[in-house]
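[1] Just to be clear, the model below is a prediction. Sequence and coordinates:
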Amino acid sequence: MDIFINLLFWIHMVSIALGGVAVFGLPVVGARIGPATPEVRPTLFAIAEAMSTMGRAAFGALIITGPLMVWLRFGGTSGFTAWFWAKMVLVVVLLGVIIYGGINAKRAQGGDMAAAKRAPIISQVGMVTFIGVILCAVFAFN
């Protein structure tokens, strides 16, 4: 069983890394879309879409591996501190940011300038939320 839990933890850590790449990489790519030439924009949108897909897959893996580890390693959530529950709240907020950011990105790609202007703010909220999740996890499991 220890090997299985360790593999779950490994998948969880890899997923956090991939999610971080998406959370911090998408704003970098997105900032280059506006000033890019019309010929380059489709390539940048394709890169952003690939990073977004990777980030969503990573989030899905985290949603699966996290509860499994809590159940298998700790026997459930009893005994966890407020840091754990703060982390869970931030995970739900992050899910909302991911969904809203994806909808907004499709609108921006379709030419909606208001959506394009909202994108940096959504990205910043995503980054801060992601950092908050990691911070709460450090205190919850240490």
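    Sure, I can see it.
[2] only C-alpha atoms for contact and neighbour calcs from this point on.
    Will do.
[3] Which of the three states applies to the spatially most central residue of the chain?
    When C-alpha atoms, centre = their mean is applied to the chain, the residue found nearest the centroid is residue 19 (4.6 Å). Following DSSP: H, G, I helix; E, B strand; the rest coil, we place residue 19 in the helix state.
[4] mind listing what it touches?
    Residue 19 makes contacts with 54, 55, 56, 58, 59, as judged by C-alpha atoms under 8 Å, 6 or more residues apart in numbering.
[5] Which other helices and strands does the helix of greatest length in the chain contact?
    Longest helix of the chain, by residue count under DSSP state H: helix 41-74. Judged by 3 or more C-alpha pairs under 8 Å, 6 or more residues apart in numbering; DSSP states H and E, the packing partners of helix 41-74 are helix 2-33, helix 82-109.
[6] Next, format those as CSV and append distance to residue 126 and mean pLDDT.
    Shown next, in CSV, are the helices and strands packed on helix 41-74 (distance: least, C-alpha to C-alpha, whole Å; pLDDT from 0 to 100):
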stretch, distance to residue 126, mean pLDDT
helix 2-33, 7, 95
helix 82-109, 6, 96
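[7] Ok, which of these comes nearest residue 44?
    helix 2-33 (6.3 Å; C-alpha to C-alpha).
[8] mind checking how far the closest one is from the chain centre?
    The chain centroid and the centroid of helix 2-33 are separated by 7 Å under C-alpha atoms, centre = their mean, to the nearest Å.
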